[in-house]
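K.L.:
Pasted the sequence and its predicted model underneath.
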Amino acid sequence: MSLYPEEDDLSVIETAVYRQAVECLCLLATKLGEKEFFFGQSPSSLDAVVFAHLAPLLKAPLPSAALQNHLKACTNLTRFVGRVLQRYFPKEIKDQEQAERKITKQESEYSDSEFPNKLRNIRIAALIALVAMTAYAMSTGIIQVGPADEGEEED
């Protein structure tokens with residue numbers, strides 16, 4: 001808001017900032033080109049700063065993924081981030097891959113173990129709901145249960 005003091009509408013500010021971020025990503029992608037790093041074959045401080053901004057944007061789950069999707073479309077920047085991660089953070093990459101495999105394995109085991117009891121759980125829930133609704137109807141007087149009269153006498 002300090003950059004746009006004349007604007008009161010936050011959506012206008014958000015659109016302007018997003019447009020500038022997309023332009024910045026495009027300029028970085030153009031500058032990097034097909035090179036391994038921005039200034040040749042060895043990393044520089046610019047590479048460190050760019051990686052520090054792009055890696056979280058690329059890897060973190062975001063509520064609005066529009067900028068993240070644009071970054072993924074810039075394939076040379078995503079390859080740059082992957083190259084830096086593999087070269088300088090190989091242990092973290094291995095740990096992340098193991099964690100992802102473990103999560104997918106647990107999810108598949110959970111869904112397989114849940115399946116045999118799924119129908120039973122649905123039936124139990126339906127029975128409990130039926131009993132609760134019947135008890136409520138009886139307590140409010142919607143349903144009345146009493147002794148049945150065999151013969152009705154008219155007065």
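P.N.:
That came through, no problem. Numbering: from 1, shown residues only.
K.L.:
Please parse the chain into its domains.
P.N.:
For the chain, automatic domain parsing gives the domain ranges 10-88, 90-142.
K.L.:
Please identify the most buried of those domains.
P.N.:
domain 10-88 (a mean of 13; mean count of other C-beta atoms under 10 Å). Yep, even glycine has a C-beta here, placed from its N, CA and C like the rest.
K.L.:
picking up where we left off before, so can I have a markdown table of the domains of the chain showing distance to Tyr4 and mean pLDDT?
P.N.:
A markdown table is the format used below for those (distance: least, C-beta to C-beta, whole Å; pLDDT from 0 to 100):
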| stretch | distance to Tyr4 | mean pLDDT |
| --- | --- | --- |
| domain 10-88 | 5 | 90 |
| domain 90-142 | 38 | 81 |
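K.L.:
Can you add distance to Ser2 and give those back as TSV?
P.N.:
Shown next, in TSV, are the domains of the chain (distance: least, C-beta to C-beta, whole Å):
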stretch	distance to Ser2
domain 10-88	10
domain 90-142	36
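K.L.:
mind checking which of the ones you listed is nearest Leu3?
P.N.:
Proximity to Leu3 (C-beta to C-beta) singles out domain 10-88 among these, at 7.8 Å.
K.L.:
Can you give me the end-to-end span of that closest one?
P.N.:
39 Å (C-alpha to C-alpha, to the nearest Å).
K.L.:
Which secondary structure element is home to the closest residue to Phe51 other than its chain neighbours?
P.N.:
Sequence neighbours aside, Val84 is the residue nearest to Phe51 in space, at 4.9 Å (criterion: C-beta to C-beta, 6 or more residues apart in numbering). If you go by DSSP states H and E, Val84 is part of helix 75-88.
K.L.:
packing partners for that helix?
P.N.:
For helix 75-88, the contact count by 3 or more C-beta pairs under 8 Å, 6 or more residues apart in numbering; DSSP states H and E identifies helix 10-32, helix 45-59, helix 66-73, helix 90-140 as packing neighbours.
K.L.:
ok, now how distant is the most centrally placed residue in the chain from Gln68?
P.N.:
Centroid-nearest residue in the chain: Pro61, 5.8 Å away (criterion: C-alpha atoms, centre = their mean). Pro61 sits at a distance of 9 Å from Gln68 (criterion: C-beta to C-beta, to the nearest Å).
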